[in-house]
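Asker: curious how this folds, go ahead:
(one chain, ligands or ions: 1)
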Amino acid sequence: MASSRLSITIIIATLAAIAMAGCARKQDDDQRIVLGFSQIGSESAWRLANTESIKSAAATSNIDLRFSDAQQKQENQIAAIRGFIADKVDVIAFAPVVTTGWDAVLLEAKAAGIPVILTDRAVSADASLYAGFLGSDFVEEGRKAARWVVDQFPDPKSTVNIVQLQGTAGAAPAQDRQKGFEEIIGQHAQFRIIRSETADFERAQGEAVMARVLADTKTPAGSKAQIHVLFAHNDDMALGAIKAIEAAGLRPGKDIRIVSIDAVRAAFEAMIAGKLNATVECNPLMGPQLMTSVTEVVSGRPIARRHFVDEAVFTQDTARQAIQTRKY
Ligand code: GYE
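Answerer: Below you'll find the predicted structure:
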């Protein structure tokens, strides 16, 4: 009798403990920070690495991530942000596809009391409309690419014709990389940027646009112009262009020297194959820093207005060594 009373007591105690544990878990879930993140799309290997970094950092930080892919369209991003506001998420972060056109939706987030963190690309909007920016210094990346080009062609008397493949029109990395590149190139008389065309940061467009450029680039006198250098605003466009250059019977990396930006794995492989000459690093692994910033804004602490990451330049000489530790 005593022993059955004891076992009933144990069962009741166990059930109570399970119920309490359930409650505690529920409370933990309720207290998790909810982060709405609007990603640009999946246009490049850089972007895939960026998405993966954000998703895995949210999981390890126990942050409830609501992730939305805008497929490179601003209207999809605005709709996603409005959805996050309606759902009353704790924080909104997004990588703005272009720099302009965000004021209205940023004001709506502010009116709802939801802090916004910009990642990767900057906007031209009043600084009071967002908590801070986390990403790269794209102007400096453009300068680094230009300095590499300048080092390759030191003779001030032989003209160097450059073709530029630009990223998405109106996007911060396209505008800023062009600005930094032209700033340095403009200081040396032998360089001429003979064509600048957008290929939307995509490999297939890089190939198509480069094929067209190779077919119809003329000198002012009307004869076919020789292209000495290709500067692509990202690796994927350079990798597409390499295919077009080969299809035109030229040797990428030799007949046309190529420098791009991002430093994704495929760029290292192309450098090892001798087809790409150099790539400037743009670091997509911003997930852990973003989760730290998210936690800080939720607890009311200010975050840096601009948080830049360190980046390097890789060439064919350093590619073999550097690819060993590459994560993307
Ligand atoms: O360079 C490109 C991607 O915004 C820095 O976007 C990013 C750029 C990156 O599509 O590959």
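
Asker: elements contacting the one helix or strand residue 54 maps to?
Answerer: Using DSSP states H and E, residue 54 sits in helix 45-60. Using 3 or more Cβ pairs under 8 Å, 6 or more residues apart in numbering; DSSP states H and E, the elements in contact with helix 45-60 are strand 34-39, strand 64-69, helix 235-247, helix 287-298. Every residue, glycine included, has its C-beta placed from N, CA and C.

Asker: got a list of what the closest residue to residue 133 other than its chain neighbours touches?
Answerer: The shortest distance from residue 133 to any non-neighbouring residue, by Cβ to Cβ, 6 or more residues apart in numbering, is to residue 118 (4.4 Å). Taking Cβ atoms under 8 Å, 6 or more residues apart in numbering, we find residue 118 in contact with 93, 94, 95, 96, 130, 132, 133, 134, 135.

Asker: the third one: neighbouring residues, count only.
Answerer: This means residue 95. Around residue 95 there are 24 other residues, counting by other Cβ atoms under 10 Å.

Asker: can you tell me how far the spatially closest residue to it that is not a sequence neighbour is from residue 106?
Answerer: Closest residue to residue 95 apart from its sequence neighbours, by Cβ to Cβ, 6+ apart: residue 120 at 4.0 Å. Per Cβ to Cβ, to the nearest Å, residue 120 is found 16 Å from residue 106.

Asker: same thing with residue 265?
Answerer: On the measure of Cβ to Cβ, residue 265 and residue 106 end up 35 Å apart.

Asker: higher neighbour count, the two?
Answerer: A direct count of neighbours by other Cβ under 10 Å for residue 265 and residue 106 places residue 106 higher, at 21 against 14.

Asker: and the residue nearest to residue 95, what does it touch?
Answerer: Residues near residue 120 by Cβ under 8 Å, 6+ apart: 40, 50, 95, 134, 135, 136, 284, 286.

Asker: so is the fourth one in a helix, a strand, or just coil?
Answerer: Right, the one you point to is residue 134. strand (DSSP: H, G, I helix; E, B strand; the rest coil).

Asker: measure the closest residue in space to it that isn't next to it in sequence to residue 299 for me?
Answerer: In space, and not counting its chain neighbours, residue 134 is closest to residue 307: 4.6 Å by Cβ to Cβ, 6+ apart. To residue 299, residue 307 is 17 Å away according to Cβ to Cβ.

Asker: more crowded one of those two?
Answerer: residue 307 (17 against 8).

Asker: pLDDT score for the more buried one?
Answerer: Listed pLDDT for residue 307 reads 91.

Asker: in what helix or strand does it lie?
Answerer: Assigned by DSSP H and E, residue 307 falls within strand 306-308.

Asker: how many other residues sit next to residue 136?
Answerer: By other Cβ under 10 Å, 25 other residues sit near residue 136.

Asker: thinking it is in contact with residue 280, fair?
Answerer: No: counting by Cβ atoms under 8 Å, residue 136 stays clear of residue 280, with 9.8 Å between them.

Asker: shared neighbours, these two?
Answerer: Shared contacts of residue 136 and residue 280, counting by Cβ under 8 Å, 6+ apart, come down to residue 311.

Asker: and the chain, which residues reach the ligand?
Answerer: 43-44, 46-47, 120-121, 173, 201, 234, 236, 261-262, 282 (Cβ under 6 Å from any ligand atom).

Asker: what's the most distant pair in those?
Answerer: 121 and 236 (16.2 Å; Cβ to Cβ).

Asker: so where is the stretch 201-328 of the chain shaky, pLDDT-wise?
Answerer: For the stretch 201-328 of the chain, the stretches flagged by pLDDT under 70 are 219-220.

Asker: from the ligand, how far out is residue 88?
Answerer: Separation of residue 88 from the ligand (Cβ to the nearest ligand atom, to the nearest Å): 29 Å.

Asker: burial measure for that residue, as a count.
Answerer: Other residues lying near residue 88 total 11 when counted by other Cβ under 10 Å.

Asker: on that earlier part again, in CSV: the helices and strands packed on helix 45-60, plus distance to residue 144 and mean neighbour count.
Answerer: Below are these laid out as CSV (distance: least, Cβ to Cβ, whole Å; neighbours: other Cβ atoms under 10 Å):
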stretch, distance to residue 144, mean neighbour count
strand 34-39, 26, 24
strand 64-69, 30, 16
helix 235-247, 14, 24
helix 287-298, 22, 20
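
Asker: what about the strands in the stretch 51-200 of the chain?
Answerer: Ranges of strands in the stretch 51-200 of the chain, per DSSP state E, counting those that start in this stretch, are 64-69, 91-94, 116-120, 132-135, 160-166, 191-198.
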